[in-house]
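Chemist: pasted the sequence and its predicted model underneath.
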Amino acid sequence: MDATKTLEKRSLGVEKAGDSVLAVRPIAPSGGEAISLSVIMPTVSWTGCFEPCVRAVIEHSAARGGVDAEIVVVFDGAGGPPPVWLTDAGVKVFTTGDCHGPAHARNLGAAEAAGNVLLFLDADVELAPDALGRIRDAFATSPDFVALFGSYDDAPVCSGVVSQFRNLLHHHTHTSHPGSAASFWSGCGAIRSAAFFDVGGFDEDFRHPSVEDIELGLRVQAAGGRIVLDPAVQCKHHKSWSLRSMVMTDIFRRAVPWTQLILESHDLPVTLNLDWGNRLCGAAALFSAGLVPLSIAIGSWWPLLAVPIVLPAMAWMHLDFYQLCLRRHGVAFAFAAFALHWLFYLYSTVTFAAVVIGSKVSLALGRLPWPRLFARENRQAPSGARGRFGW
């Protein structure tokens with residue numbers, strides 16, 4: 001089957017306003033319409049964790065008579081024919097033809113979706129049995145918001161220390177910040193299709209998994225749309241993390257582009273990872289890391305006396321998270337989680353400072369902001385129509 005609908009045909013409209021991309025018309029609350037849900041999953045493999053995750057969506061929808069959701073899967077790349085069990089289940093499957101990144105794949109899925117609410121789900125995320133119903137009910141009963149996202153549960157699949165820490169930290173961050181949010185999460189996030197098309201969909205300049213969902217959320221909020229974080233909408237993460245993958249992802253796929261978004265929007269939101277508690281912990285990690293070289297430089301151990309004060313203070317500010325780690329895996333894991341958390345704050349804070357300082361220096365010298373990973377000044381509405389095939 002040839003795909004004929006494109007994002008342009010769904011009335012996309014964006015305009016440039018200073019350094020931000022805003023919707024042409026403000027997003028108005030939607031109400032009075034029956035909710036039709038489309039689940040959109042990009043993937044780069046037909047096997048691995050994708051299979052149990054998409055099967056979970058199929059099963060949860062079938063458990064409610066098969067009317068709960070339309071399921072759209074987009075393979076990012078050439079791929080091969082999809083597995084028979086996938087197409088036999090009534091899943092709409094498309095391919096991008098070449099690797100364009102998850103932002104492009106999600107835009108393609110949105111262009112092919114029929115629902116008035118789009119649920120974006122990562123290929124390594126397994127929905128809880130009640131998640132589809134909760135999302136449908138939330139949009140049906142709360143016309144004052146246009147987007148909603150959920151949270152990982154507290155039982156991630158991969159058993160490694162770094163994987164458990166990383167996924168439990170994400171769970172804790174989302175469950176401890178319910179209510180209105182300033183960003184969006186495409187791991188398990190739903191948005192009214194009209195609002196999605198109004199703001200231009202995901203920015204396809206992001207060719208790798210990065211902060212394209214956060215950037216979308218900033219445009220939705222700038223256009224007057226309310227976004228809600230509902231921790232009761234839960235899912236299970238299947239991703240395996242190593243220490244190297246965590247650090248590299250956090251720096252180059254999260255901290256650098258997120259800092260650039262903050263600089264471009266001239267706004268530092270006080271939410272999720274950027275609330276005041278996290279900012280203080282970042283400063284404390286940087287301060288404590290500097291005590292050892294300071295002690296060596298001045299030839300005195302006196303600066304080290306601050307360590308027993310700073311580190312317990314950091315632990316106290318996130319005591320509920322370490323209590324969660326203690327309950328899940330015991331004392332040794334709780335201490336390991338604190339060490340990883342300290343490292344996370346250290347490199348994230350250093351990266352933020354480096355990008356801000358580098359950008360200011362580069363602008364003062366009349367050059368493009370450094371480091372500039374994405375060419376954003378000529379952004380257009382995503383096409384969603386390049387090299388597509390449907391089964």
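Modeler: Perfect, thanks for sending it.
Chemist: the residue nearest to residue 251 when sequence neighbours are not counted - how many residues pack around it?
Modeler: Take residue 251 and drop its neighbours on the chain: the residue closest to it by C-beta to C-beta, 6 or more residues apart in numbering is residue 351, 5.2 Å away. Placement of C-beta: from N, CA and C, glycine included. Neighbour count of residue 351, defined by other C-beta atoms under 10 Å: 18.
Chemist: and the residue sitting furthest away from the middle of the chain, what does it touch?
Modeler: Using C-alpha atoms, centre = their mean, the residue of the chain lying farthest from its centre is residue 299. It sits 45.3 Å away. By C-beta atoms under 8 Å, 6 or more residues apart in numbering, the contact list for residue 299 is empty.
Chemist: for it, give its distance to residue 293.
Modeler: Between residue 299 and residue 293 the computed distance is 12 Å (C-beta to C-beta, to the nearest Å).
Chemist: please apply the same query to residue 136.
Modeler: Distance from residue 136 to residue 293, by C-beta to C-beta: 55 Å.
Chemist: so these two - more neighbours on which side?
Modeler: Per other C-beta under 10 Å, whichever of residue 136 and residue 293 has more neighbours is residue 136, with 20 against 10.
Chemist: okay, and the more buried one sits in which element?
Modeler: Residue 136 belongs to helix 131-141 when assigned by DSSP states H and E.
Chemist: also residue 74?
Modeler: Using DSSP H and E, residue 74 sits within strand 70-75.
Chemist: do the same with residue 87
Modeler: With DSSP H and E as criterion, residue 87 is part of helix 84-88.
Chemist: hang on, the earlier thing: elements contacting the helix holding residue 136?
Modeler: Helices and strands touching helix 131-141, by 3 or more C-beta pairs under 8 Å, 6 or more residues apart in numbering; DSSP states H and E, are strand 37-43, helix 50-63, strand 117-121, strand 147-152, strand 188-192, strand 227-237.
Chemist: hmm, who's touching the third one?
Modeler: I take that to be strand 117-121. For strand 117-121, the surrounding residues in contact (C-beta under 8 Å, 6+ apart) are 35-41, 53, 57, 69, 106, 109-110, 127, 132, 135-136, 139, 186-193, 196, 213, 235.
Chemist: want to throw the helices and strands packed on helix 131-141 into a markdown table with distance to residue 95?
Modeler: Formatted as a markdown table, the helices and strands packed on helix 131-141 follow (distance: least, C-beta to C-beta, whole Å):
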| stretch | distance to residue 95 |
| --- | --- |
| strand 37-43 | 10 |
| helix 50-63 | 14 |
| strand 117-121 | 18 |
| strand 147-152 | 26 |
| strand 188-192 | 23 |
| strand 227-237 | 25 |
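Chemist: what would those look like in TSV with distance to residue 174, mean neighbour count and mean pLDDT?
Modeler: Formatted as TSV, these follow (distance: least, C-beta to C-beta, whole Å; neighbours: other C-beta atoms under 10 Å; pLDDT from 0 to 100):
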stretch	distance to residue 174	mean neighbour count	mean pLDDT
strand 37-43	20	25	96
helix 50-63	18	18	91
strand 117-121	15	27	97
strand 147-152	4	26	97
strand 188-192	10	27	97
strand 227-237	6	21	97
